[in-house]
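> generate a structure from the sequence data that follows.
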Amino acid sequence: MATKASFTPEEWTLLLESPMMAGMAVSAAEPSGLFGMLKESFATGSALVAAKMDAAANGLVKAVAADFETAEGRATARDGLKARLASGKPAEIKSKALETLRQVAGLLDAKAPEDAAAFKAWLAQISRDVAASAKEGGFLGIGGVQVSDAEKATLDELAQALRLPG
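Below is the predicted model of the structure:
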């Protein structure tokens, strides 16, 4: 099993960014307004907590989730995200997030092949949870759809970026 020590500091930062990028790719595909964005952010945070608490979770997933408990881990992820997403435009955020996830997939395949499938599946689950966390369209939560066509397309793109079988 790979651990933090298996990666360079830059590679570890990439792994720390990946859960947020998985959520941001979907959020940027169809921005949901303030409350929707809060729900989507909460879905990503909940996935980190759930991974830490899940005794059956992959060790590398647990290590990344545990690093978010530290001030240093959160700062590293935050600073990395700021640097990658400097433009702030939704279309650019989505493409940058997908590119980051392509890099993560390559890194996992090369340096942690025994953990790669579980870690990628975790990232894909985060993106699905984010997509389902807030309705899209409608007015004040009335009407709309749980997962928009734009989010579904992004979920497919994310699966391709992560090189998931399918």
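
> alpha carbons only for contacts and neighbour counts from here, please
Noted.

> what distance do you get for residue 109 to residue 65?
20 Å (C-alpha to C-alpha, to the nearest Å).

> I meant to write residue 103 there.
From residue 103 to residue 65 the distance is 19 Å (C-alpha to C-alpha).

> and residue 87, how many neighbours?
11 (other C-alpha atoms under 10 Å).

> what residues does the nearest residue to it once chain neighbours are set aside make contact with?
Counting by C-alpha to C-alpha, 6 or more residues apart in numbering, residue 87 lies nearest to residue 93, which is 7.7 Å off, once chain neighbours are set aside. Residues near residue 93 by C-alpha atoms under 8 Å, 6 or more residues apart in numbering: 24-25, 28, 85, 87.

> would you say residue 93 is within a helix?
Yes: according to DSSP: H, G, I helix; E, B strand; the rest coil, residue 93 belongs to a helix.

> higher neighbour count, residue 103 and residue 65?
residue 65 (22 against 18).

> which of the contacts of residue 93 are buried?
Neighbour counting with 16 or more other C-alpha atoms under 10 Å marks 24-25, 28, 85 as buried within the contacts of residue 93.

> dump these into CSV; add pLDDT, secondary structure and distance to residue 159 as well.
Output for those, formatted as CSV (pLDDT from 0 to 100; DSSP: H, G, I helix; E, B strand; the rest coil; distance: C-alpha to C-alpha, whole Å):
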residue, pLDDT, secondary structure, distance to residue 159
24, 88, helix, 14
25, 91, helix, 12
28, 84, helix, 16
85, 82, coil, 21
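
> for those residues, which one is nearest residue 39?
residue 24 (12.1 Å; C-alpha to C-alpha).

> doesn't residue 97 make contact with that closest one?
Yes: here residue 24 lies in contact with residue 97, judged by C-alpha atoms under 8 Å, at a distance of 6.8 Å.

> and the least confident helix or strand in the chain by mean pLDDT, what does it pack onto?
Counting by mean pLDDT, DSSP states H and E, the weakest-scoring helix or strand in the chain turns out to be helix 33-53, with a mean of 78. Packing partners of helix 33-53 (3 or more C-alpha pairs under 8 Å, 6 or more residues apart in numbering; DSSP states H and E): helix 9-29, helix 59-67, helix 113-133.

> point to the residue nearest the middle of the chain.
residue 22 (2.3 Å; C-alpha atoms, centre = their mean).

> if I look at it, how far off is residue 58?
Relative to residue 58, and taking C-alpha to C-alpha, residue 22 is found at 18 Å.

> please apply the same query to residue 52.
Distance from residue 52 to residue 58, by C-alpha to C-alpha: 10 Å.
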